[in-house]
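[1] Here's my sequence, what's the structure:
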Amino acid sequence: MKMSKYFYACVLCVVLVSMLVISCVKIPTEAPPLPDLLSKVRLINAAANLDDAAEVTFTGITGETVTEEVNFGEASNYMTVDAGQKRFQLVGGAEDDTASIFLATDWIGSVYILDKAEEGDDRFLRVGEWWTYKGTPEADSAKVIFAQMCADTLTCEFKESEWTHPNAAGVRIRTFDSVVAGADTLIVSDDDGTEVKVGLDLTSQSNTTVLITGTIDDLVTTVLDNDLE
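    Have a look, this model is predicted:
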């Protein structure tokens, strides 16, 4: 009988101590805030067959619609937007001048506005740009990215390298992570042997994109800074 009373007394003590401990523990009433899931994106107008300026809408921060106007051959600033699926639409364009593009968390890159050789061609192209945040080039060197956005397939030559874009996989970007800064030449040609030479001046520690647009008979090249600020 004494053992039974002692047992119940111990159980009661354990319960009281447990209640005291629980009362001293602060239980959060709200969940911690979610991290910001953001991307950085800029628009580059490579569509020579549009008017000088292209106006594009897409979803930015907290669901609000962003409207950005970009002149031909130019780039907007990088914009911070919510990560996720975005619908890019050319204002005043045809019904198929839209694209659903996914921007991953911490993604940095450009969405190019393209020429359309015929109905049904893509109007937009997403390009991730790891080179924009990989670090500053060393002294007397430069980073240069060639973006061949012509509707026609053209061959480019630079620094003893040759490539044809767009290739079978639709690739239009060629990156040179570190080249000797200074005066240089880009050679662009078509299958008929028509050749255009473009002079470049790559400054020390620069990080640029050379945008190639138009046609072989009316080639337009523009040098854009890859500046996140």
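
[2] Only C-alpha atoms from now on, for both contacts and neighbour counts.
    Noted.

[3] can I see the domain layout of this structure?
    Using automatic domain parsing, the domains assigned to the chain come out as 36-128, 135-229.

[4] which residues of the protein fall in helices?
    Along the chain, the stretches classed as helices by DSSP state H are 2-24.

[5] Find the centremost residue of it, please.
    By CA atoms, centre = their mean, the mean C-alpha position of the chain lies nearest to residue 109, the distance being 1.4 Å.

[6] Quick check, it in contact with residue 125.
    No: the pair residue 109 and residue 125 does not pass the contact test of CA atoms under 8 Å, sitting 10.6 Å apart.

[7] thinking again about what came up before, I'd like the domains of the chain laid out as CSV, including mean pLDDT.
    Putting these into CSV (pLDDT from 0 to 100) gives the following:
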stretch, mean pLDDT
domain 36-128, 90
domain 135-229, 92
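
[8] So which bits of stretch 72-84 are buried?
    72, 73, 74, 75, 77, 78, 79, 81, 82, 83 (16 or more other CA atoms under 10 Å).

[9] what's the spacing between it and its chain's center?
    8 Å (CA atoms, centre = their mean, to the nearest Å).

[10] Any chance you could give me that stretch in PDB, C-alpha atoms only?
    Taking C-alpha atoms only, stretch 72-84 is exported to PDB below (Å, rounded to 0.1, in the frame of the first residue of the first chain):
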ATOM      1  CA  PHE A  72      16.400  48.200 -81.200                       C
ATOM      2  CA  GLY A  73      20.000  47.100 -80.500                       C
ATOM      3  CA  GLU A  74      19.800  48.100 -76.900                       C
ATOM      4  CA  ALA A  75      19.300  46.500 -73.500                       C
ATOM      5  CA  SER A  76      17.200  47.400 -70.500                       C
ATOM      6  CA  ASN A  77      18.800  47.500 -67.000                       C
ATOM      7  CA  TYR A  78      18.700  44.300 -65.100                       C
ATOM      8  CA  MET A  79      15.400  44.100 -63.100                       C
ATOM      9  CA  THR A  80      14.800  42.100 -59.900                       C
ATOM     10  CA  VAL A  81      11.600  40.100 -60.200                       C
ATOM     11  CA  ASP A  82       9.900  37.200 -58.400                       C
ATOM     12  CA  ALA A  83      11.300  33.900 -59.500                       C
ATOM     13  CA  GLY A  84       8.800  31.500 -61.300                       C
END
